[in-house]
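J.: dropping the sequence and predicted coords here.
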Amino acid sequence: MPKHSETRALPYTPEQMFDLVADVGRYGEFLPWVSAVRVRSNSDIQMVADLIVGFKGLRESFTSCVEKQRPGHIRVDYLEGPLKHLNNDWKFRPDGKGGCLVDFCVDFAFKNRVFEMLAGQVFDRALRKMINAFEERAARLYGDSAGSAAAGASGISSSSAQSAA
């Protein structure tokens, strides 16, 4: 089951990054492989949403519960779909320089062994593409400061591990 943790220094406030990540209804506009989103319910502290994702002819939908603790934490828990489990944690901390540190952790496993093997083969590349999509979205929404590329590239620490479910 793929697992990944990472911290990025970004030139945006924790509130800005919280708003971007919490706006699940817009994921189809910028996240690769997300073809549709349906928000079932949404409040200041919780959202339930369905996402349809597709990759190389495979198409699956899943439902998640998003717990929101403004402005510092978003937790995503899997409710139903093709996975055994999915947990996502986002933490947003001020960096003392006007930007923020984004701590991101994802842990998931597919029920289907074939999907699990496919995910393991492309996990790192797909994850990088998705993380970059969030950063590009932030730059479009909030402006791209001169230091953002350097902050995004040099302010990274990550660890990822892959193992069979």
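T.: Done, it's in.

J.: can you point me to the longest helix in the chain?
T.: helix 113-142 (DSSP state H).

J.: for that helix, which helices and strands make contact with it?
T.: strand 3-10, helix 14-22, helix 27-30, strand 100-110, helix 148-154, strand 156-161 (3 or more Cβ pairs under 8 Å, 6 or more residues apart in numbering; DSSP states H and E). Every residue, glycine included, has its C-beta placed from N, CA and C.

J.: quick one: it to strand 3-10, angle?
T.: Relative orientation of helix 113-142 versus strand 3-10 (axes from the mean of the first three to the mean of the last three Cα atoms, to 10 degrees): 10 degrees.

J.: just the angle between helix 113-142 and helix 14-22, please?
T.: Using the same axes, to 10 degrees: helix 113-142 against helix 14-22 is 140 degrees.

J.: so how far is helix 113-142 off the chain centroid?
T.: 8 Å (Cα atoms, centre = their mean, to the nearest Å).

J.: what mean pLDDT does that helix have?
T.: In this model, helix 113-142 has a mean pLDDT of 83.

J.: next, the angle from that helix to strand 100-110.
T.: 160 degrees.

J.: I'd assumed Arg59 was in contact with Ala36.
T.: No. Applying Cβ atoms under 8 Å, one finds Ala36 not in contact with Arg59, separated by 9.8 Å.

J.: shared neighbours of the two, anything?
T.: Ile52 (Cβ atoms under 8 Å, 6 or more residues apart in numbering).

J.: where does pLDDT dip in the chain?
T.: Residues of the chain meeting the criterion pLDDT under 70: 1, 115-121, 145-165.

J.: count the neighbours of Gly143 for me.
T.: The number of residues packed near Gly143 is 10, by other Cβ atoms under 10 Å.

J.: with Val76 instead?
T.: Neighbours of Val76 (other Cβ under 10 Å): 19.

J.: one more: Val37?
T.: Using other Cβ under 10 Å as the criterion, the residues surrounding Val37 number 18.

J.: and it, how close does it get to Glu15?
T.: 22 Å (Cβ to Cβ, to the nearest Å).

J.: and if you look at Asp95?
T.: Asp95 is 13 Å from Glu15, by Cβ to Cβ.

J.: same question for Ser61.
T.: When Ser61 is compared with Glu15 (using Cβ to Cβ), they lie 31 Å apart.

J.: and what of Leu86?
T.: Separation of Leu86 from Glu15 (Cβ to Cβ) stands at 26 Å.

J.: go on, Arg59?
T.: Taking Cβ to Cβ, one finds Arg59 at 34 Å from Glu15.
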